[in-house]
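*Asks:* Quick one, fold the following:
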Amino acid sequence: KILPHIGKILEQSSLIMPHLDKIMQDDILPNVLANADLLIGYIDSLAPHLETLLEPELYPKLIPYTSELMGDAGVIMPYIDELLEYKEEIFSHLELLIETKHKVLPYIHNFMAEREFLMPFLDDFLPHLDVFEE
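*Replies:* Numbering: from 1, shown residues only. Next comes the predicted model:
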């Protein structure tokens, strides 16, 4: 799965190599290999954030949702920098955000434009996602 993408990996090797031992861990590597094509397709966006994404308090929360999140990567990746600025808020509500992503993702550009206002109120806002029609 990795060999067809070796050129792309090598382009980002300076960002990947410092984290290779972490990526090779038994709890991470199977997830990486299972989603290799999707992850490599967005390696330019992901590589600068590996240190954050591989934090012990974050990656266990991400692993169950990797395939699902990567399926929406075309919508999510343009906002990865902004989303990770609010990692504590987002990751504390990750399960609910995944469950309601079909309501959130169509408006992600609006949410990100207003993130400084919305993020402090995420606890209050999320229970009312039912206002968005399915």
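*Asks:* how much space between the residue nearest the centre of the chain and residue 3?
*Replies:* Centroid-nearest residue in the chain: residue 69, 6.3 Å away (criterion: C-alpha atoms, centre = their mean). Distance of residue 69 to residue 3, given as C-beta to C-beta, to the nearest Å: 24 Å. Quick note: C-beta positions are derived from backbone N, CA and C, even for glycine.
*Asks:* you'd agree residue 77 is up against residue 39?
*Replies:* No. Using C-beta atoms under 8 Å, residue 77 makes no contact with residue 39, being 11.1 Å away.
*Asks:* Could you find the closest non-adjacent residue to residue 49?
*Replies:* residue 84 (5.8 Å; C-beta to C-beta, 6 or more residues apart in numbering).
*Asks:* Verify the contact between residue 12 and residue 47 for me.
*Replies:* Yes. In this structure, residue 12 is within contact of residue 47 by C-beta under 8 Å, at 4.0 Å.
*Asks:* Compare those two (neighbour count), which wins?
*Replies:* Neighbour totals were compared for residue 12 and residue 47, and residue 47 leads with 19 against 16 (other C-beta atoms under 10 Å).
*Asks:* Can you tell me the SS state at that one?
*Replies:* Following DSSP: H, G, I helix; E, B strand; the rest coil, the label given to residue 47 is helix.
*Asks:* Please tell me the pLDDT value assigned to it.
*Replies:* pLDDT recorded at residue 47 is 93.
*Asks:* quick one, what contacts it?
*Replies:* 12, 15-16 (C-beta atoms under 8 Å, 6 or more residues apart in numbering).
*Asks:* Show me the residues you listed that map onto strands.
*Replies:* Counting by DSSP state E, none of the members of the contacts of residue 47 fall within strands.
*Asks:* Now do the same contact list for residue 15.
*Replies:* 47-48, 50.
*Asks:* Just put the residues you listed in CSV and tack on distance to residue 122.
*Replies:* As requested, those are arranged in CSV below (distance: C-beta to C-beta, whole Å):
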residue, distance to residue 122
47, 27
48, 24
50, 25
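*Asks:* Tell me the one of the residues you listed nearest residue 27?
*Replies:* Sorting the contacts of residue 15 by how near they are to residue 27, with C-beta to C-beta, puts residue 50 at the top with 15.6 Å.
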